[in-house]
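1. sequence first, predicted coordinates after that:
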Amino acid sequence: MVIGFTKSFYQIDNFFLFPNYLNSLIGGICGYFIIWLIIFLYKKIRNKEGMGLGDAKLLAAIGFWFGWISLPFILFFSSFIALMSTLPSLIKKRKNLSSQIPFGPFIVLGVIMYMITRYLI
């Protein structure tokens, strides 16, 4: 996280992937609190843990690296990929709705998709 925030002070000319320090700071804070809010609301509604804080820390680090503007894209596509990859297991009843599914790898896939689309567009 520290490296992600520090790099925003040293902008590389014509390299548009990384934001300035303000967008980086907002991204880190928003990245953490988006996942924290999901964890908090799920715990209040269902009275059990639904997700770990490791996902919040990972999204905070991603927010520091790529800024707040990347977070909706990354969250949408990581959720979509997670749903598409676990839906067959749920349909075939190999997993149920209480099964633990790690979300971190899907967040990383969302970041890779963000980097590819950001570079191509």
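-> Structure's in. What do you need? Residues are numbered from 1 along each chain as shown.

2. which residues of the chain score low on pLDDT?
-> The model of the chain has pLDDT under 70 over residues 1-17.

3. so the residue nearest the centre of it versus K48, what's the distance?
-> Compute the mean C-alpha point of the chain, and by Cα atoms, centre = their mean the closest residue is L59, 4.1 Å away. Separation of L59 from K48 (Cβ to Cβ, to the nearest Å): 21 Å. Glycine gets a C-beta too; all of them are placed from N, C-alpha and C.

4. what packs against the helix ranked longest in the chain?
-> Criterion DSSP state H: the longest helix present in the chain is helix 21-46. Other elements packing on helix 21-46 under the criterion 3 or more Cβ pairs under 8 Å, 6 or more residues apart in numbering; DSSP states H and E are helix 2-6, helix 53-66, helix 71-91.

5. Y119: which of these is closest?
-> Nearest to Y119 among these is helix 53-66 (12.2 Å), distances taken as Cβ to Cβ.

6. might you calculate how far the closest one sits from the centre of the chain?
-> Remark: helix 53-66 is offset 6 Å from the chain centroid, using Cα atoms, centre = their mean, to the nearest Å.

7. now stretch 111-121
-> Offset of stretch 111-121 from its chain centre (Cα atoms, centre = their mean): 14 Å.

8. what does stretch 28-41 give?
-> Going by Cα atoms, centre = their mean, where stretch 28-41 is centred and where its chain is centred differ by 10 Å.

9. list the contacts of it.
-> If you take Cβ atoms under 8 Å, 6 or more residues apart in numbering as the criterion, stretch 28-41 is touched by 1, 4-5, 49-53, 55-57, 59-64, 68, 71, 75.

10. check which residues of the longest helix of the chain are buried.
-> Neighbour counts over helix 21-46 (16 or more other Cβ atoms under 10 Å) mark 21, 23-28, 30-32, 34-36, 39 as buried.
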